[in-house]
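Undergrad: output the structure for:
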Amino acid sequence: MRIHFIAIGGAVMHNLAIVLRRKGHVVTGSDDKIIDPARTSLEKEGIMPTQIGFFAENITADIDAVILGMHARIDNPELIKAQQLGLKIYSFPEYLYEVSKNKHRVVIAGSHGKTTITSMVMHVLKENNFNFDYMVGAKVKGFDTSVKITEDAPIIILEGDEYLASPIHSEPKFMFYKPNTALITGVAWDHINVFPEYEGYVEQFEKFANSVQEWGFLTWFEDDEELRRIFNHYDAKVRTRPYNTHQNVMRNGTTYLQTDFGEIALKVFGEHNLQNISGAKNICNEIGVLDEDFYRAIATFEGAANRLQLVGKNNHTTIYKDFAHSPSKLKATVHAVKQQFTNSKLVALMELHTFSSLNKDFLEQYAGSMDEADIPVVFYDRETFEHKKMPVIDEGFVKDSFKNEHLNIFTNKGALLNFLLSQTWQDKNLLMMSSGNFSGMDVEALAKEILK
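TA: Coordinates of the predicted model:
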């Protein structure tokens, strides 16, 4: 088949393009901005667009399918041309369902933790020699791409995002998957640009819960208030099982799971990861993994890329980067690092980068989210507002929204770097949180400079 990707530079989009190219399809694509790791990966596979931008002439009648990314706009010239020609247009979740409708579909959803739980399940299944396909929104150690599609795998593991599937598909991505087995981590308002009311956002998870196929299985985090409300009146023909924080103990900086098979030392830490492990275990049990095999495998799980990922450390400083960007994710990640390093101070840096975090009407949700940090820092780039076609927010409003008088705010990358390099890093850690890249900052080079 000949397949064209509109907005090929997305995290899942470029990986899906690579997978389809390796399966023998003729793959082309376009985007108005492609950054690493997508750029390097696409160049290596020979499918990097020769020209940046969207051009109607890229769309011809001999294209069998167009896969439309969520970052394209409704007036995209390639989309308009494809519609005029009557071509088959898929969102990527719609396409993934099409190629997996005869498989057992496992979907991990929730406002936070879904990438990590999806990665945990993938890791455990691989360690136990299961044959499965997958789609996850991050790089996972041991997997060369974040998407795998085969003809023979009986199971597919899918990270289920609540963001809209594409400009012409008005439902969340996870509504296209029709799961046989599912998990919901929790509900914390996000994506205000498409769900301007909290109630409308919560409703998406109710719909997702009701999309699980009859006689399927659904597990959910018991301590989440909204999920308790949803499942108090849940009457679908689906088996349900709540999960909670796994029993554990921490000694000398290492977290141990307390199990029927003895204590299991972990390579990850934080209460949120102990919750994630419980959820992942329920999913793996449902698929057919025995408890003992689950614990043996989870002991070697090192985390997904950019999810509390260790950048570097020495005897007195540790540096992490994390994808955290919503208020609940910020709070949980800052708490996890402070709990792990009780005798060290924490510099917590987050970047306002998403539509929600750059929206004046949503910023108040961040109140108190960085209070546990000893030195809280917020960075945002004015060019990001221009790229997203949003009005710029002034620094005073940001500070008032976070309700933290100690908050340091930077809108210039150079000034931010100078601030970080001027710190005394003895017994002080750095946590960098963003769904972006701090305006192209070389995080590894910064870490080396701090640690030397």
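
Undergrad: in the stretch 251-400 of the chain, which spans are helices?
TA: 271-287, 291-298, 327-340, 382-387, 395-402 (DSSP state H, counting those that start in this stretch).

Undergrad: need these in TSV (columns: mean pLDDT).
TA: Listed next are the helices of the stretch 251-400 of the chain as TSV, based on pLDDT from 0 to 100:
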stretch	mean pLDDT
helix 271-287	96
helix 291-298	98
helix 327-340	89
helix 382-387	80
helix 395-402	92
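
Undergrad: quick one, domains of the protein?
TA: 2-87, 94-298, 309-451 (automatic domain parsing).

Undergrad: possible to save the ones you listed as TSV with mean neighbour count?
TA: Just so you know, the C-beta spots here come from the backbone N, C-alpha and C atoms, and that holds for glycine as well. Shown next, in TSV, are the domains of the chain (neighbours: other CB atoms under 10 Å):
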stretch	mean neighbour count
domain 2-87	18
domain 94-298	19
domain 309-451	18
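
Undergrad: now stretch 215-226: mean pLDDT?
TA: For stretch 215-226, mean pLDDT is 95.

Undergrad: how far away from the center of its chain is it?
TA: From the chain centre to the centre of stretch 215-226 is a distance of 20 Å (CA atoms, centre = their mean, to the nearest Å).

Undergrad: end-to-end on it?
TA: Distance across stretch 215-226, first residue to last, is 23 Å (CA to CA, to the nearest Å).

Undergrad: same check on stretch 144-152?
TA: Start and end residues of stretch 144-152 are separated by 19 Å (CA to CA).

Undergrad: excluding its own residues, what touches it? List them.
TA: Residues outside stretch 144-152 that contact it (CB atoms under 8 Å, 6 or more residues apart in numbering): 11-12, 15-16, 18-20, 23, 96, 99-100, 131-140, 156.

Undergrad: go again using 7 Å as the cut-off
TA: Residues outside stretch 144-152 that contact it (CB atoms under 7 Å, 6 or more residues apart in numbering): 11-12, 15-16, 18-19, 99, 131, 133-139.

Undergrad: let's have the helices of the stretch 251-400 of the chain in JSON lines, adding distance to residue 1.
TA: JSON lines is the format used below for these (distance: least, CB to CB, whole Å):
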{"stretch": "helix 271-287", "distance to residue 1": "31"}
{"stretch": "helix 291-298", "distance to residue 1": "36"}
{"stretch": "helix 327-340", "distance to residue 1": "38"}
{"stretch": "helix 382-387", "distance to residue 1": "33"}
{"stretch": "helix 395-402", "distance to residue 1": "48"}
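
Undergrad: out of those, nearest to residue 360?
TA: Nearest of the helices of the stretch 251-400 of the chain to residue 360, taken as CB to CB: helix 395-402 at 6.6 Å.

Undergrad: now that closest one, how far from the centre of its chain.
TA: Offset of helix 395-402 from its chain centre (CA atoms, centre = their mean): 26 Å.

Undergrad: also stretch 254-273?
TA: For stretch 254-273, the distance to the chain centre is 23 Å (CA atoms, centre = their mean).

Undergrad: gap between the two ends of it?
TA: Its first and final residues considered, stretch 254-273 spans 13 Å by CA to CA.

Undergrad: poorly predicted segments of the stretch 1-150 of the chain, please.
TA: Applying pLDDT under 70 to the stretch 1-150 of the chain picks out no residues at all.

Undergrad: that older thread, mind checking the helices of the stretch 251-400 of the chain for the one nearest to residue 349?
TA: Among those, helix 327-340 comes nearest to residue 349, with 10.5 Å by CB to CB.

Undergrad: elements contacting the closest one?
TA: helix 271-287, strand 345-351, strand 428-433 (3 or more CB pairs under 7 Å, 6 or more residues apart in numbering; DSSP states H and E).
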